[in-house]
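Engineer: sequence and predicted model, in that order:
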Amino acid sequence: MNDANRAPLAAAMKAYAASGVLAFHTPGHKQGLGAHPLLRDFVTAEGLRAEVSLADELDDLHRPESCLKEAQEKAARLWGADEAFFAVNGTTGAIHAMLLAALSLGDEVIVPRNIHRSVVGGLVLCGARPVYIVPERDEMLGIAHGVTASSVRRALEKHPAARAVLAVYPTYYGVASELEEIAAAAHEKGVPLLVDEAHGAHLRFSDALPTDAISCGADLVAQSTHKLLGAMTQASMLFRKDRRVPAERVRRAASLLATTSPNYLLMASLDIARLQMEENGEQLVARAVRLSEELRAAVNELPGLWCFGRERMGRAGAAALDLTKLTVNVSGLGLSGEEAMRLLREKNIQAELADERNVLFIVSMADTERETRRLFDALSALSRENAGRQSLAIPSVLTPPDLVAELTPRETFYAARQSVPLAQAAGCIAAEEVTFYPPGIPAIVPGERISTEAVEYLREMMLLGLKVTGARDPSLQWIDVVQ
Ligand SMILES: Cc1ncc(COP(=O)(O)O)c(C=O)c1O
């Protein structure tokens, strides 16, 4: 067997399970012996037999020397990195480790304003000071894209002490920014590029998709192997390339944040997802791309529906598209994205997410013609059943006023807080985030001083009836501020 076509961690687990060894160790279910039948139904007797840790043959995540070391090395090779770290707390855990490795207390870091909450969590842990740049947005689609290289360059000029740049690549909607140029901008200033590539584990396997972050020059990359490839939910990877962030620091950060009892089935699923891609990743991803493109073309023939494609790329913050993401705009049917998602659920189709205008579908390497046909039939029925309704009027979104950050996310996290009526919030420091969809870019982030214009902006956005997230009181009558 070709050496790449082995799953060393999975093989070690199978060997341990088959050895007949009598377990006087954790986990308490003792290889399934004491497991409830319901758990056995879920995991299977064989799965439970392999669900072990702490045995010498199974290596140690905190000091990998044998099968786990080999599995991580194979993953690093396949994804073009110098080092890979298996993460069992999702990409959230990988992002926390990435920030803790690259940044120290008080360091400035350039970040897009529409980061995932895991990045905010990482900033709380490492104590860095974010310098936000506003991502580009597409008014017609009602979604936020990536940031441009020129806005990164401007931020680096204005903040010469910044110690890193973070990019989200691609976005949840599959839109990829000009990452190579962003990497060049960071490297010209001698700082590393950290990438949240939660939605990009499959990019490396198709030339029809945006170039993967490591190939674009990223230094650290957090990737959800579970989101678009075959690993189990929660199983992700952190990759390191080159030495702008010291290897030892990355190892320490990854170890600090990892449990001492990592679930071996999760880690084996990373090893096996890597093997699957090694064996026929290119064919599997090519099929997903072909099916998506066929589905996109067919959906665009349906009255009232529109699914953007490559033709909408080549704009600021939107250089290329992950074609396997289908963002279907339903406002032509007089429906919001949320309403359409609910109607589709009644037809036994579950979408990934919905916003004001769109429903997002993911076609992955798991799908065949049968699945995309069912989705097309459901969308076709949705189009027929809602024909003749007036298009949804979408309010145009105002640009939020610029705010001054007084506290870091960490300082805000530890500060005492209180709720005040929105009318009295001007002058206070925000203790929570407020984001309207569209455009999905926070209007206020924790630590920023709320201005009179900001209060006015929040009021106007509420009057437009836009969906608000982040705030504890979704009616925004009250807002959490630092005491
Ligand atoms: C852009 C982005 N980054 C990070 C994450 C966190 O990933 P995980 O759920 O694997 O922790 C997500 C999850 O949805 C995400 O969308």
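Structural biologist: Sure thing, it's come through. Remember, predicted model here, so these are calculated numbers, not experimental data.

Engineer: and the residue in the stretch 201-350 of the chain positioned nearest to the ligand, how far from residue 263?
Structural biologist: The nearest approach of the stretch 201-350 of the chain to the ligand comes at residue 224, 4.4 Å away (CB to the nearest ligand atom). All C-beta spots, glycine's among them, are computed from the backbone N, C-alpha and C. Here the distance between residue 224 and residue 263 works out to 16 Å (CB to CB, to the nearest Å).

Engineer: those two: which is more packed in?
Structural biologist: Of the pair residue 224 and residue 263, residue 224 is the one with more neighbours under other CB atoms under 10 Å, namely 24 against 16.

Engineer: and that one, what are its phi and psi?
Structural biologist: For residue 224, the backbone dihedrals (degrees, to the nearest 10) come out as phi -90, psi 90.

Engineer: touching, it and residue 202? I think so.
Structural biologist: No: Residue 224 lies out of contact with residue 202 (CB atoms under 8 Å); the separation is 10.3 Å.

Engineer: show me what from the stretch 301-450 of the chain comes close to the ligand.
Structural biologist: Nowhere does the stretch 301-450 of the chain come near the ligand, counting by CB under 6 Å from any ligand atom.

Engineer: strands along the stretch 301-450 of the chain, start to end?
Structural biologist: Using DSSP state E, counting those that start in this stretch, the strands assigned to the stretch 301-450 of the chain run over residues 306-307, 320-321, 325-329, 353-354, 358-362, 404-405, 417-421, 434-437, 441-444, 448-449.

Engineer: list the helices and strands the first one packs on?
Structural biologist: Which is strand 306-307. When contacts are defined as 3 or more CB pairs under 8 Å, 6 or more residues apart in numbering; DSSP states H and E, strand 306-307 packs onto helix 264-299, strand 325-329.

Engineer: how about a cut-off of 7 Å?
Structural biologist: The helices and strands touching strand 306-307, judged by 3 or more CB pairs under 7 Å, 6 or more residues apart in numbering; DSSP states H and E, are strand 325-329.

Engineer: ok and the strand it packs on relative to strand 358-362, angle-wise?
Structural biologist: Relative orientation of strand 325-329 versus strand 358-362 (axes from the mean of the first three to the mean of the last three CA atoms, to 10 degrees): 160 degrees.

Engineer: give the pairing partners of strand 325-329; include direction for each.
Structural biologist: Under the criterion DSSP bridges, strand 325-329 sits next to strand 306-307 (antiparallel), strand 358-362 (antiparallel) in its sheet.

Engineer: CA atoms only for that strand, dumped as CSV, please.
Structural biologist: Only the C-alpha atoms of strand 325-329 are listed here, as CSV (Å, rounded to 0.1, in the frame of the first residue of the first chain):
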residue,chain,number,x,y,z
LYS,A,325,-21.9,27.2,-2.0
LEU,A,326,-25.3,28.2,-3.5
THR,A,327,-26.7,31.4,-2.2
VAL,A,328,-30.3,31.5,-3.5
ASN,A,329,-32.0,34.9,-3.4
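
Engineer: got the residues of the stretch 1-150 of the chain near the ligand?
Structural biologist: 90, 91, 92, 95, 116, 118.

Engineer: typed the wrong thing, it's the stretch 151-300 of the chain
Structural biologist: Proximity of the stretch 151-300 of the chain to the ligand, by CB under 6 Å from any ligand atom, involves residues 168, 172, 196, 198, 224, 236.

Engineer: let's see it at 8 Å
Structural biologist: 168, 171-172, 196, 198-199, 222, 224, 226-227, 233-234, 236 (CB under 8 Å from any ligand atom).

Engineer: tell me which of those residues is nearest to residue 128?
Structural biologist: Proximity of these to residue 128 (CB to CB) peaks at residue 196, which lies at 14.8 Å.

Engineer: part of a strand, is that closest one?
Structural biologist: Yes: under DSSP: H, G, I helix; E, B strand; the rest coil, residue 196 falls within a strand.

Engineer: where does it land on pLDDT?
Structural biologist: Residue-level confidence at residue 196 comes out at 98, pLDDT.

Engineer: same question, residue 141
Structural biologist: Predicted confidence (pLDDT) for residue 141: 88.

Engineer: would you agree it is in contact with residue 309?
Structural biologist: No: Residue 141 is beyond contact range of residue 309, at 11.7 Å (criterion: CB atoms under 7 Å).

Engineer: which one of these two has more residues nearby?
Structural biologist: Between residue 141 and residue 309, residue 141 has the larger neighbour count (other CB under 10 Å), namely 21 against 15.

Engineer: what's near enough to touch the more buried one?
Structural biologist: Contacts for residue 141 (CB atoms under 7 Å, 6 or more residues apart in numbering) come out as 308, 329.

Engineer: residue of the stretch 251-400 of the chain closest to the ligand, please.
Structural biologist: residue 353 (9.1 Å).

Engineer: distance across stretch 18-26, terminal residue to terminal residue?
Structural biologist: Distance across stretch 18-26, first residue to last, is 17 Å (CA to CA, to the nearest Å).

Engineer: ok and the residue in this protein nearest the ligand?
Structural biologist: residue 90 (2.8 Å).

Engineer: quick check: that residue vs residue 76, distance?
Structural biologist: With the distance defined as CB to CB, residue 90 ends up 19 Å from residue 76.

Engineer: for residue 46, same thing?
Structural biologist: Between residue 46 and residue 76 the computed distance is 29 Å (CB to CB).

Engineer: ok, residue 174 touching residue 322?
Structural biologist: Yes: counting by CB under 7 Å, residue 322 is a contact partner of residue 174 at 3.4 Å.

Engineer: contact partners for residue 286?
Structural biologist: Each residue near residue 286 by CB under 7 Å, 6+ apart is listed here: residue 206.

Engineer: let's see 8 Å
Structural biologist: Residues in contact with residue 286 (CB atoms under 8 Å, 6 or more residues apart in numbering) are 206, 208.

Engineer: for residue 93, same thing?
Structural biologist: So residue 93 contacts 87, 236, 257, 258 (CB under 8 Å, 6+ apart).

Engineer: swap in 6 Å and give it another go.
Structural biologist: Applying CB atoms under 6 Å, 6 or more residues apart in numbering to residue 93 gives the contacts 87, 257.

Engineer: what strand or helix carries it?
Structural biologist: helix 90-102 (DSSP states H and E).

Engineer: what mean pLDDT does that helix get?
Structural biologist: Mean predicted confidence for helix 90-102 is 98.

Engineer: okay, angle between that helix and helix 264-299 too, please.
Structural biologist: Orientation of helix 90-102 against helix 264-299 (the same axes, to 10 degrees) gives an angle of 110 degrees.

Engineer: residues in contact with the helix or strand just after helix 90-102?
Structural biologist: Scanning forward in sequence from helix 90-102 by DSSP H and E, the next helix or strand is strand 108-112. For strand 108-112, the surrounding residues in contact (CB under 6 Å, 6+ apart) are 103, 128-131, 133, 135, 147, 155, 159, 161-162, 164-166, 168.
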